[in-house]
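A.B. asks: quick check, what structure comes out for this input:
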Amino acid sequence: MRGLLSLLKPFAFFCLIFFALFAGLRVAFAVFYAPEAINVNDLCTALLIGARMDSIVICALSLPVVVWTIASNCKPQIVSRLYFAFCAFLLTFFEVISAGFLDQYGLRPNHLFFDYLDHPKEIFYMLIFGYPILTLIGILLTILAAFTGYKIGSIKARAAPLKIRLIATPIAIVVLSIGARSSFGISAANLGVTMFGASQTLNEIASNGTYSALYSLYQLDKEVDLSEYGAMDDEEILARTGFGARTFSGTTPSDPPNIVIVIWESMGAEFIGALGGLPLTPNFDNLAKEGTLLTNMYATGTRTSRGIEAILAGFLPIVGAPVVKLPKSQNDFWTIANHLKPLGYNCEFLYGGDANFDNMSRFLGGNGFAIRSYFARGEGYDGRWGSDDLAVFMAANREFAKADAPFCAVILTLSSHLPFDYPNGVVAPYNSPAATRENAALFADYALGEFFKAAKREPYYQNSIFLIVADHTIQVRGGDPFAPLEKYRIPALFLGRGVSAAKNETIASQVDLPPTLIALIGDDRPRPPIGRDLFAASDEKGEAVMQAGSAFAYLAGDTITILRRGGFETQARVDENGSYSLRRDFALGEDGEYIGALEDANATEGRTIDDELARDALARLLLSNLLYQKRLHSARIVQ
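C.D. replies: Numbers count the residues shown, from 1 in each chain. Down below sits the predicted model:
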């Protein structure tokens, strides 16, 4: 055992030195870059969260060398010397870089660091002339750290018996893997755990420079080259989508109402009685008689992250990873929260589970929302994903009743998510076994109904606007990801102050919801989303966009255009059941232009591709990437 402890001595010294270094730098960063946000409680919280982030990085980096050291009895020693020197250099380098980023942007190193690598000359001059002292200190500190790491790797260790090493090696792998994951929950810990306070800079200080930079590098790989879909210049993209063409009066509401947005997990139209689905939602169906029901609302995708980017940010889906996970959108990205904050709103995201899932906490916490993860834990039935919907709704209602300032609260439900884990004996099952989509939908509706019964007894209800909308439907497997379109039809219901009882049959997308909600409260300040105010557009046929994998669909009136990466694309007329009644394929030329219709052997009538509609579809596919890359979907538009 002494031999094993001796082998681990370099790792122990490495941890002690760098935990101390990181803690000291965090205190210094807080003093220099966030003095207005410093108090004892927040600083202690930042240090504790920071230690957790540091342990993730140190465990991940140490896993190879610790396992190798135990397995090989640290022979030859040059391997551990060089590896510890490399790790020390890497960790210190990104902490030093953090100082410049915090000073310039209030952020840890992110995608900008890698963007800057394309301009070495400019960066060199900026560092030398803009931060001469910091640059010198950084160089010396990084060299010193690398030398220290080399010396740590040179610590002589006593050999351990083979039997001990055979037992210790798998234990070391498990322990360090758990440390690198830093969670026993569904999601590994990520940058979302640093979103603990109102100061974005202090939240960033709680992070770790190496983690932030490497995570951004990992996310860069998720950005997709869209050239295979077709070519279009920026001016045409903006013109066809209407981005930037609208004028705003700048008026603001004199008496802003509270806003409650319920994002209903996986509750597609097939479960909603009021939309012609199964008789599973009597409470929602009754509420639909009190407000405006959007009967032709379509989800933009098949994941919660797609719903969040559309419902809360009004952002069209990017082909590839959702913008919720991309590095350039983690701050200064327009959301309904940072739009409403100048009006005095307190904005919160309430979730009964782990808000780090799908990077929700990081994205929303960095863009205006206070994150309430594991909300209502211990107050009801705690299932595999987290607190059940009823407990979350009841706890939320109690908090809403005590609120002073106007608030915008988003509740993301989870009881209707696979594995359909909800409390037994609350609702009479629709079918068996208990854990089915249909029974989970029954409970989700019951919980929603109980929430509104309780809310209507509170004074805040009369001064509130509610939006109930699903994030997506259940995923249906098949060759065509968009047929039938019923796969994407979801419930969306506005009710509350100033909302009349009606049905709106306009074809609509989740990206239309933020502009509609903002118009409802009487706010006409500039905003980037291209979505429409649905209450002012009821005479239009409408449009919707949908994304599935590498396929993108644009529904305009009764015509759907489907774009895929390379090859042939499809344009079809949609019947009242959401099925395609006629298909025509068209191809892309070498210059990225569409080259006309290819006859479909199954067609019964002649019809060519509507090239203008095809160009409109391509413009919407390319718009989101343009806005993201050029940061045109910025929160600063409203400031």
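A.B. asks: what about Ser187, neighbour count?
C.D. replies: For Ser187, the tally of surrounding residues (other Cβ atoms under 10 Å) stands at 17. For every residue, glycine as well, the C-beta is placed using N, CA and C.
A.B. asks: that one - that's part of a strand, no?
C.D. replies: No: counting by DSSP: H, G, I helix; E, B strand; the rest coil, Ser187 falls outside a strand, being coil.
A.B. asks: after the helix or strand Thr210 falls within comes which helix or strand?
C.D. replies: Using DSSP states H and E, Thr210 maps to helix 209-220. Following helix 209-220 in sequence order, the next helix or strand is helix 234-241 (DSSP H and E).
A.B. asks: now do that following helix: everything it contacts.
C.D. replies: With contact meaning Cβ atoms under 8 Å, 6 or more residues apart in numbering, helix 234-241 is reached by 243-245, 530, 615-616, 619-620, 622-623, 626.
A.B. asks: for that helix, give the mean pLDDT please.
C.D. replies: Here helix 234-241 scores 95 as its mean pLDDT.
A.B. asks: identify each buried residue in that helix, please.
C.D. replies: 237-238, 240-241 (16 or more other Cβ atoms under 10 Å).
A.B. asks: and the helix or strand Ser305 falls within, what does it pack onto?
C.D. replies: Assessed by DSSP H and E, Ser305 sits inside helix 304-311. Identification of packing neighbours for helix 304-311 by 3 or more Cβ pairs under 8 Å, 6 or more residues apart in numbering; DSSP states H and E yields strand 258-264, helix 360-365, strand 464-470, helix 513-520.
A.B. asks: for stretch 461-473, buried residues please.
C.D. replies: 461, 464-473.
A.B. asks: ignore what I typed, I meant stretch 368-381.
C.D. replies: Residues of stretch 368-381 classed as buried: 368-373, 375-376, 379-381 (neighbour count, 16+ other Cβ under 10 Å).
A.B. asks: and the gap between Thr252 and Gly522?
C.D. replies: To Gly522, Thr252 is 7 Å away according to Cβ to Cβ, to the nearest Å.
A.B. asks: who does the helix or strand hosting Glu569 pair up with?
C.D. replies: According to DSSP H and E, Glu569 maps onto strand 568-574. Paired neighbours of strand 568-574 in the sheet (DSSP bridges): strand 559-563 (antiparallel), strand 580-588 (antiparallel).
A.B. asks: worst mean pLDDT among those strands?
C.D. replies: strand 580-588 (a mean of 51).
A.B. asks: I'd like the next helix or strand past the helix or strand of the chain with the lowest mean pLDDT.
C.D. replies: One helix or strand of the chain scores below all others by mean pLDDT, DSSP states H and E: strand 594-598, with a mean of 42. Downstream of strand 594-598, the next assigned helix or strand under DSSP H and E is helix 611-629.
A.B. asks: between the buried residues of helix 234-241, which is closest to Ser634?
C.D. replies: Of all the buried residues of helix 234-241, Ser634 sits closest to Leu238, with 15.0 Å by Cβ to Cβ.
A.B. asks: that closest one and Lys402, how far apart?
C.D. replies: 45 Å.
A.B. asks: next, count neighbours for Ile143.
C.D. replies: By other Cβ under 10 Å, neighbour count at Ile143 equals 12.
A.B. asks: does it count as helix, strand or coil?
C.D. replies: Put simply, Ile143 is helix when judged by three-state DSSP.
A.B. asks: and the pLDDT for it?
C.D. replies: pLDDT, read off for Ile143, is 95.
A.B. asks: how far away is it from Leu166?
C.D. replies: Per Cβ to Cβ, Ile143 is found 39 Å from Leu166.
A.B. asks: same check on Arg303?
C.D. replies: Taking Cβ to Cβ, one finds Arg303 at 43 Å from Leu166.
A.B. asks: same drill for those two, tell me which one is more crowded.
C.D. replies: Shown here are Arg303 and Leu166; by other Cβ under 10 Å, Arg303 has more neighbours (19 against 11).
A.B. asks: give me phi/psi at the more buried one?
C.D. replies: Per-residue torsions, Arg303: phi -130, psi 150 (degrees, to the nearest 10).
A.B. asks: not counting its neighbours along the chain, what's nearest it?
C.D. replies: Residue nearest to Arg303 in three dimensions, not counting chain neighbours: His472, with 6.4 Å by Cβ to Cβ, 6 or more residues apart in numbering.
A.B. asks: check the secondary structure at that neighbour for me.
C.D. replies: Judged by three-state DSSP, the three-state class of His472 is coil.
A.B. asks: which residues does it contact?
C.D. replies: Neighbouring residues of His472 by Cβ under 8 Å, 6+ apart: 266, 268, 299, 301-304, 306-307, 488, 490.
A.B. asks: settle this for me: Thr506 is touching Gly542, isn't it.
C.D. replies: Yes: with contact defined as Cβ atoms under 8 Å, Thr506 counts as touching Gly542 (4.1 Å).
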